[in-house]
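# Fold the following for me, if possible:
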Amino acid sequence: MVIQELVDKWIAIADKDLLTAELLLKSDVVVTETICYHCQQSVEKYLKAYLVKHQIEFSKTHNIMTLINICTSQDVSFKKTLEHADILTDYAVEIRYPDDWYEPTMDEANEAYSIALEVKKFVLSMLSSNK
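Predicted coordinates:
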């Protein structure tokens, strides 16, 4: 598979996660932990798209800061701009299982969505500028 095709697939899947979060935020029954999970997933995939584009290897991880740090090896603006997105990391696994289950508030769900939109915009701009 050509690198750009793989990047496009990462972005398409990230876009679907973000769309899922958006639709859930607008639904009559709001499930905040699912919204936050999909926001985390979208951010993870946007960052991985950037890494794939630049042929930078990464391990299988859900840790947003780990991915940001790897992206920073290519462009230091990632850490400066997106460091706060790490708060989404806990939504990857911890909130999905009963032993560590936590129900985010509506404010937290809205914040997660806002951060995911910000990461999308930033990463897509970095990809289009070939940085």
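# contacts, neighbours, all on C-alpha from now
Fine.
# Next one: the residue in the chain sticking out farthest from the centre relative to residue 103, how far apart?
Most distant from the centre of the chain: residue 28, at 24.6 Å, with distances by C-alpha atoms, centre = their mean. Distance, residue 28 to residue 103, using C-alpha to C-alpha, to the nearest Å: 17 Å.
# Identify the residues contacting the residue farthest from the centre of the chain.
The neighbourhood of residue 28, defined by C-alpha atoms under 8 Å, 6 or more residues apart in numbering, contains no residues.
# Mind pulling up the pLDDT for it?
At residue 28, the pLDDT value in this model is 94.
# what does the one 5 residues further on give?
Per-residue confidence (pLDDT) for residue 33: 93.
# Could you report the neighbour count for it?
Look at residue 33: counted by other C-alpha atoms under 10 Å, it has 21 neighbours.
# quick one: what helix or strand has it in it?
Assigned by DSSP states H and E, residue 33 belongs to helix 32-53.
# tell me which residues of that helix are tucked away?
32-53 (16 or more other C-alpha atoms under 10 Å).
# Pull that helix out as PDB, backbone CA atoms only.
Written as PDB, here are the backbone C-alpha positions of helix 32-53 (Å, rounded to 0.1, in the frame of the first residue of the first chain):
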ATOM      1  CA  THR A  32     -20.500  10.600  28.000                       C
ATOM      2  CA  GLU A  33     -17.900   7.700  28.400                       C
ATOM      3  CA  THR A  34     -18.600   6.600  24.800                       C
ATOM      4  CA  ILE A  35     -18.200  10.200  23.500                       C
ATOM      5  CA  CYS A  36     -14.900  10.600  25.400                       C
ATOM      6  CA  TYR A  37     -13.700   7.200  24.100                       C
ATOM      7  CA  HIS A  38     -14.400   8.100  20.500                       C
ATOM      8  CA  CYS A  39     -12.700  11.500  21.000                       C
ATOM      9  CA  GLN A  40      -9.600   9.700  22.300                       C
ATOM     10  CA  GLN A  41      -9.600   7.300  19.500                       C
ATOM     11  CA  SER A  42      -9.900  10.000  16.900                       C
ATOM     12  CA  VAL A  43      -6.900  11.900  18.400                       C
ATOM     13  CA  GLU A  44      -4.900   8.700  18.500                       C
ATOM     14  CA  LYS A  45      -5.600   8.000  14.800                       C
ATOM     15  CA  TYR A  46      -4.900  11.600  13.600                       C
ATOM     16  CA  LEU A  47      -1.500  11.500  15.400                       C
ATOM     17  CA  LYS A  48      -0.700   8.000  13.900                       C
ATOM     18  CA  ALA A  49      -1.600   9.300  10.400                       C
ATOM     19  CA  TYR A  50       1.000  12.000  10.800                       C
ATOM     20  CA  LEU A  51       3.600   9.500  11.900                       C
ATOM     21  CA  VAL A  52       2.800   7.200   9.000                       C
ATOM     22  CA  LYS A  53       3.100  10.100   6.600                       C
END
